[in-house]
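> dropping a prediction and its sequence here:
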Number of protein chains: 2
Amino acid sequence: MTDDAAQDLPPTGLLPAGLIDLLPPEAEREAALVETLMAAFGAHGYERVKPPLLEFEDSLLAGSGAAVAEQTFRLMDPVSQRMMGLRADTTPQVARIAATRLGLQARPLRLCYAGQVLRVRGTQIAPERQLPQVGVELIGSAAAEADAEVAVVAAEALARAGVAGITLDISLPTMAGVLLDAAGLTGEALEARGIRPKAARAMVTALRQGIDRKDPVAVLTIAARAAPLAVDLAALLPELLRAAGPADAALAALAGLDLPPAARAIADNAAAVIAAIRARDPALRITLDPMEFRGFHYHTGVAFTVFGPGATGELGRGGRYRSLNEEPATGMSLYPDAVQRAAPPPPPRRRVFVPSGVPEPALAALRAEGFATVRALSAEDAPQALRCTHILRDGEATPLPAPELHRKD
Amino acid sequence: MTDDAAQDLPPTGLLPAGLIDLLPPEAEREAALVETLMAAFGAHGYERVKPPLLEFEDSLLAGSGAAVAEQTFRLMDPVSQRMMGLRADTTPQVARIAATRLGLQARPLRLCYAGQVLRVRGTQIAPERQLPQVGVELIGSAAAEADAEVAVVAAEALARAGVAGITLDISLPTMAGVLLDAAGLTGEALEARGIRPKAARAMVTALRQGIDRKDPVAVLTIAARAAPLAVDLAALLPELLRAAGPADAALAALAGLDLPPAARAIADNAAAVIAAIRARDPALRITLDPMEFRGFHYHTGVAFTVFGPGATGELGRGGRYRSLNEEPATGMSLYPDAVQRAAPPPPPRRRVFVPSGVPEPALAALRAEGFATVRALSAEDAPQALRCTHILRDGEATPLPAPELHRKD
């Protein structure tokens, strides 16, 4: 680029939509946060893996990767002439590693990861197209204690990052399907009762949409067309929707319902997971929403959403799923960008300006104390313009007055 | 992916050539190393920036980015319908940030970065197509002390990572061109003396290739065709090539030569940079190669190559260049993958197996001591198969015997 071309660059808006430069001090803060979260995972025995940013489309989009297929950038590999994808989610890659390279390692396998993910389009409320992602996967255990562990470890990681007062929201994404099955509201069951295939499929879709929208009237209106039902949905559904809330009350409400056996098993498992969480972290705030299943279509047991305190929003998601080779697995992803908004900012780094001629050994001690040492390179270097908070005088880091801010415009 | 499809995946060779999974403990080691290097940069006042992995091709490949244009993956941005590139080098992005978003910030500007770079093809000796890259850029100072600083900071970062005994190799990539200019061996000067343009261009190319190959006979044979020369290359060239070696001897050799003024200025600057390095880090081993310029075509002053001890090879590169808007700048990139090969491996993490029923508070102290705590999730969990080095007995982390290795095949 010539001088002129550089001057032609607009000062902002150089980057594609949703792709940003992180500047000081945010870039440092994000990196420190990621390493804090990863240190917590490591302290609980989760070992780091680092899959590549690019891999062949067919392995990247296998298993749970199919969920992000539309959001995955594709490009041609000139070496193999095959299509590659730029990962939009790291968890399918971790599942691949667990099933192949670590396929012979003893279970349960505890893995963690940190890295960037990219997606083709942002949304209006989340315009970013490059996001950091960190998480844990616990593969090879079907125990409720395994689900509890990923939740507890995520909560501890957030606490280490300074985020207190989180809420763990547990949903049971398989509950709705199990209830419809038990009530005879599947395509197959409806067809067996003489409803034409197309109409049966439309009814099932409408039923699931009604549950998605938490609209019991819509669900029961459709269900009435297939009456009599094998399960009294008209009694159960409003109760299940009402049960959503703090975990103990929700579990008590579930315990009082006359659930069909498959639904009872789901409720019992939720109770076991919550008990296992309480055993390890009695103070964690837990809510339970038995009928929520939106966005958790590949989960096979409990699903987790972690909410920050106040209105800081969703900090992470996870839950139980089947990994490759049908291995039982559970995991949690945390979103460092969201965690960063919920965490208190660290104190700004102390920077000490070092006039010319100070020998290097005098500075090592200051750096060990946490100072950044900023050396004068010319007589024009101005300590405050270089955002120094201190200056080295007589071997001591002496505080500088805060710079006066002049605005010309 | 179905169970069958997963089982069809080959256990290795799933990934495109040059793209690998880092497994435990290598992934953790690389991440720790990157943060160690970045902490050293931060301690010297370098502030972290994080440009995106993708940006528009025209800004990504501007300036020094042109050098990696052929190695840059391109893909279409469906939002803007413009071509984007996946970065093959982070330094052009840092230059862009310095010239635009940080264009009004006081100079000198000290920035550092860490991230992944991707390239279209690997080479036979370096097959990787995704590499971590970390580095520092010092923008807005033309002082020899600035060049010295990036070299000293890189050396300190490597020392923190456990790499001692590095060699800083300094080359002067502008020296050869300046000598040819002074000798009248430019296309323009040769044409002015009646040599046809095509022949003049061929001579200049051959002269530079001769210098590249350190072949004084070839250079002098071609130069003889343009005799008499304004500079006695026959005397100077062998001396300059012979001068390459430990810095003090090389500087003494340069001092004794009858260099044309522009070449003398380059030698004097090298002496000033080396003196400034010695003032800050007297123990650093420095070599100087005045006629080396291969691979440093955009450098405008000293160029640096950092070699590890023994045969560990190149650990980083850097040097002085003109940034966007012709700002004087200097910097250094380190290659964490190479540094990792040169650094001693950290001791393996101690892992303590925690039998069922141990309350959580008992474990926090162990984690604070550096243990990873690995909880039993079922009665089948075997401490040694889970690579635990210790087991919790009576509240104490008790060492386990190393597992016996059975091989059935």
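Received it, and whenever you're ready, just let me know what you need.

> only C-alpha atoms for contact and neighbour calcs from this point on.
OK.

> is whichever strand or helix holds A:Arg29 up against chain B anywhere?
Here A:Arg29 sits within helix A:26-43, counting by DSSP states H and E. Yes. Using CA under 8 Å from any CA of the partner chain, we find that helix A:26-43 touches chain B at A:27-28, A:42-43.

> from those, which is closest to chain B?
Within those, proximity to chain B (CA to the nearest CA) peaks at A:Ala43, which comes in at 4.2 Å.

> quick check: pLDDT value at the closest residue to that closest one other than its chain neighbours.
In space, and not counting its chain neighbours, A:Ala43 is closest to B:Ala372: 4.2 Å by CA to CA, 6 or more residues apart in numbering or on different chains. pLDDT for B:Ala372: 98.

> likewise for A:Thr12?
At A:Thr12, the pLDDT value in this model is 43.

> can you tell me how far the residue nearest to A:Ala43 is from B:Leu363?
Distance, B:Ala372 to B:Leu363, by CA to CA, to the nearest Å: 9 Å.

> B:Glu380 versus the residue nearest to A:Ala43, what's the distance?
With CA to CA as the criterion, B:Ala372 and B:Glu380 are 20 Å apart.

> what's near enough to touch A:Glu128?
Listed by CA atoms under 8 Å, 6 or more residues apart in numbering or on different chains, the contact set of A:Glu128 reads A:17-20, A:122.

> also A:Thr90?
A:51, A:113, A:115, A:117, A:133.

> can you redo those as a markdown table with distance to B:Leu386 and pLDDT?
Output for the contacts of A:Thr90, formatted as a markdown table (distance: CA to CA, whole Å; pLDDT from 0 to 100):
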| residue | distance to B:Leu386 | pLDDT |
| --- | --- | --- |
| A:Pro51 | 22 | 98 |
| A:Tyr113 | 19 | 98 |
| A:Gly115 | 25 | 97 |
| A:Val117 | 30 | 96 |
| A:Gln133 | 26 | 96 |
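
> so which of those are in strands?
A:113, A:115, A:117, A:133 (DSSP state E).

> list, out of those residues, those positioned next to chain B.
Applying CA under 8 Å from any CA to the ones in strands among the contacts of A:Thr90, none is adjacent to chain B.

> show me what the helix or strand hosting A:Leu75 is packed against.
Element membership for A:Leu75 (DSSP H and E) is strand A:73-76. For strand A:73-76, the elements it packs on are strand A:83-86, strand B:73-76, judged by 3 or more CA pairs under 8 Å, 6 or more residues apart in numbering or on different chains; DSSP states H and E.

> any idea which of those is most buried?
Per-stretch averages of neighbours, counted by mean count of other CA atoms under 10 Å in any protein chain shown, single out strand A:83-86 among the helices and strands packed on strand A:73-76, with a mean of 21.

> list the contacts of that one.
Here strand A:83-86 has contacts from A:53-57, A:60, A:72-77, A:117-118, using CA under 8 Å, 6+ apart.

> mind doing that once more with 6 Å?
Under the criterion CA atoms under 6 Å, 6 or more residues apart in numbering or on different chains, residues A:53-57, A:73-77 lie in contact with strand A:83-86.

> all helices for the stretch 51-200 of chain A, in order.
Using DSSP state H, counting those that start in this stretch, the helices of the stretch 51-200 of chain A run over A:57-60, A:91-99, A:144-160, A:175-182, A:187-192, A:197-212.

> distance to chain B and mean neighbour count added to those helices, as TSV?
Below are those laid out as TSV (distance: least, CA to the nearest CA, whole Å; neighbours: other CA atoms under 10 Å in any protein chain shown):
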stretch	distance to chain B	mean neighbour count
helix A:57-60	8	21
helix A:91-99	8	24
helix A:144-160	6	23
helix A:175-182	21	20
helix A:187-192	22	16
helix A:197-212	24	17
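
> need the helix or strand of chain A with the lowest average pLDDT.
Least confident element among the helices and strands of chain A, by mean pLDDT, DSSP states H and E: helix A:3-8 (a mean of 46).

> phi and psi next, for A:Leu229.
Here is the backbone geometry of A:Leu229 (degrees, to the nearest 10): phi -100, psi 150.

> okay, now it: neighbour count?
Counted with other CA atoms under 10 Å in any protein chain shown, residues neighbouring A:Leu229 total 16.

> which residues touch it?
Counted by CA under 6 Å, 6+ apart, A:Leu229 has contacts A:Ala183.

> and it, how far is that from B:Thr373?
50 Å.

> point me to the residue of the stretch 151-300 of chain A nearest chain B.
A:Arg280 (5.5 Å).

> quick revisit: which of the contacts of A:Glu128 sit farthest apart?
By the measure CA to CA, A:Ile20 and A:Gly122 form the most distant pair in the contacts of A:Glu128, at 12.5 Å.

> in the longest helix seen in chain A, what's buried?
Ranked by residue count and defined by DSSP state H, the top helix of chain A is helix A:261-280. Of the residues in helix A:261-280, A:263-264, A:266-267, A:269-280 count as buried by neighbour count, 16 or more other CA atoms under 10 Å in any protein chain shown.

> contacts for the helix or strand following that helix, please.
Going down the chain from helix A:261-280, the next helix or strand is strand A:285-289, by DSSP H and E. Residues outside strand A:285-289 that contact it (CA under 6 Å, 6+ apart): A:167-171, A:244-247.
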